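Enquirer: Provided below are the primary sequence and the corresponding predicted coordinates.
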Amino acid sequence: MPNMSYCRYENTSLDMQDVVDTLWDSDCDEDLSEYERRGLRTILELAKEIVGMEDKIDNILENQKSNE
């Protein structure tokens, strides 16, 4: 089930933290299925895209602060 818009970032950040923890704990010789390899590649591509949007994300967060 997709994330509801009111908790999208919160739920996704928890899932991303789980991925980060799993990657740190990995000994790099896991036997991943093709689906998981594709998913991991997609996560990497999306992470790069998100980092490239840092200024936009900072602006969103700053605008939210001024609305509080």
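Expert: That came through fine. Numbering: from 1, shown residues only.
Enquirer: state the distance from the most centrally placed residue in the chain to Asp55.
Expert: For the chain, the residue sitting closest to the mean C-alpha position, by C-alpha atoms, centre = their mean, is Met16 at 4.4 Å. From Met16 across to Asp55, the span is 20 Å (C-beta to C-beta, to the nearest Å). Using the backbone N, CA and C atoms, a C-beta is placed for each residue, glycine as well.
Enquirer: report the mean per-residue pLDDT for the stretch of helix or strand the residue nearest to the centre of the chain belongs to.
Expert: Taking DSSP states H and E as the criterion, the element that holds Met16 is helix 8-25. Here helix 8-25 scores 95 as its mean pLDDT.
Enquirer: can you give me the helices in the protein?
Expert: 8-25, 34-52, 54-66 (DSSP state H).
Enquirer: list the contacts of the last one.
Expert: This points to helix 54-66. Defining contact as C-beta atoms under 8 Å, 6 or more residues apart in numbering, one finds that helix 54-66 is touched by Ile50.
Enquirer: and the angle for it with helix 34-52?
Expert: Put simply, helix 54-66 runs at 70 degrees to helix 34-52, going by axes from the mean of the first three to the mean of the last three C-alpha atoms, to 10 degrees.
Enquirer: state the mean pLDDT of helix 54-66.
Expert: Here helix 54-66 scores 93 as its mean pLDDT.
Enquirer: so how far is Tyr6 from Ile60?
Expert: Counting by C-beta to C-beta - Ile60 and Tyr6 are separated by 15 Å.
Enquirer: ugh, wrong one, I meant Lys56
Expert: Where Tyr6 is concerned, Lys56 sits at a distance of 20 Å (C-beta to C-beta).
Enquirer: can you count the residues close to Ser33?
Expert: 8 (other C-beta atoms under 10 Å).
Enquirer: tell me which of Ile60 and Tyr6 has more neighbours.
Expert: Counted by other C-beta under 10 Å, Ile60 and Tyr6 do not tie: Ile60 has more neighbours, with 12 against 8.
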